[in-house]
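A.B. asks: With the input below, show me the fold.
(one chain, ligands or ions: 1)
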Amino acid sequence: MDIIEEINRLRVEKRAVILAHNYQLPEIQDIADFVGDSLELSRKAASTDAKIIVFCGVHFMAETAKILSPSKIVLLPDLRSDCPLANMITIEDVKKLRKDYPKAAFICYINTSADVKAECDICCTSSNAVDVVNSVSADTIVFLPDRNLGNYVSKHIHPVRNGVPQSGISNRAEKKMIIWNGFCPTHENLKAEDVLELKKLYPAAKFVAHPECTADVLELADRIASTSGIIKYVKTESSKDFIIGTETAILHRLKKENPDKNFIPASRKMFCPNMKYNNLESLYESLLNEQPEIEVPEKIREKAFLTIDRMLKIGKKD
Ligand code: 13P
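C.D. replies: Below is the predicted model:
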């Protein structure tokens, strides 16, 4: 049996769309209908008219697709695809924070479970976190769960005057941000020394980093962006060499779309094993059996939907 032919036959027969995150295995990226970052994939999941969404990413991403498209069958080929960062905060933690900061606006990164989203006010991704924070009029913000993204965003806060965020002014002292202490183990594997070493070897290279990297790493970056923001940046930059500060599977797309450029992983330790459980075999089985299906209880889904929808109404940035 030719597994690619079978997947292609089943996807047509079942009216399925295959969505893949930029960190998926090369063969999954190549077979997907659409490859993107968290925000782009959410938008695709919300707008598709397919009957089945096969989500090749991690659990919270497939859950987000189900929240946005409840009438569709949402499949995650391998349920072991989980996000350690998303698991660093629970619904109980959020309820306690709500008691501690009753007047704060609660902003959750998309890397959270559906029940955590349901307890928050607005969601964000790495590509729109600054805009989301600046869209909020409360002068205290609880940001969860990523400490590095939170810290990065806190440096781009605009103050609030008479309940209105003041654009163009950056003064973090006027807005208070409480940041949860979660982190992405893959991004924290990159150390500033790794980047400094590579910069010596490739002095003309641009260093581009994902905002889940630590602050000392981000300080060395020529550009800080989401995964798709990184892809757009290298396309428009005239440099030939790029040091890539995010999960290494993104290099597949970077090389494919820019064959004349040179991409250097900032660290080989930037490898997310959870993103690699989905493969051609599990994708095929999943399409064939329509399993494992992602479900979200309706009460949680309705509340989580509002949290995500508020974000989707905010303009997209890298
Ligand atoms: P992006 O939204 O930039 O694709 O990032 C998702 C993610 O989980 C990074 O670790």
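
A.B. asks: Alongside the ligand, which residues does the protein contribute?
C.D. replies: 22, 37, 38, 111, 125, 126, 127, 184, 210, 212, 226, 227 (Cβ under 6 Å from any ligand atom). Glycine gets a C-beta too; all of them are placed from N, C-alpha and C.

A.B. asks: Could I get the contacting residues of the fourth one?
C.D. replies: When you say that, I think you mean residue 111. 38, 60, 83, 85, 86, 145, 146, 184 (Cβ atoms under 8 Å, 6 or more residues apart in numbering).

A.B. asks: Look up how far residue 149 lies from residue 264.
C.D. replies: The gap separating residue 264 from residue 149 is 24 Å, by Cβ to Cβ, to the nearest Å.

A.B. asks: contacting residues around residue 54?
C.D. replies: By Cβ under 8 Å, 6+ apart, residue 54 lies in contact with 11, 16, 17, 18, 19, 75, 77, 283, 286, 287.

A.B. asks: try 10 Å
C.D. replies: Residue 54 makes contacts with 7, 10-11, 14, 16-20, 28, 31-33, 62, 65, 73-77, 278, 283, 286-287, 290, as judged by Cβ atoms under 10 Å, 6 or more residues apart in numbering.

A.B. asks: follow-up on the earlier one: so which of the residues of the chain next to the ligand sit within strands?
C.D. replies: Per DSSP state E, strands hold no members of the residues of the chain next to the ligand.

A.B. asks: So which of the contacts of residue 111 wins on neighbours?
C.D. replies: Neighbour counts for the contacts of residue 111, by other Cβ atoms under 10 Å, peak at residue 146, which reaches 29 neighbours.

A.B. asks: Provide the partner residues of it in its beta bridges.
C.D. replies: Counting by DSSP bridges, residue 146 is bridged to residue 182.

A.B. asks: For residue 112, see how far away it is.
C.D. replies: Per Cβ to Cβ, residue 146 is found 10 Å from residue 112.

A.B. asks: ok, now residue 276?
C.D. replies: For residue 276, the distance to residue 112 equals 22 Å [Cβ to Cβ].
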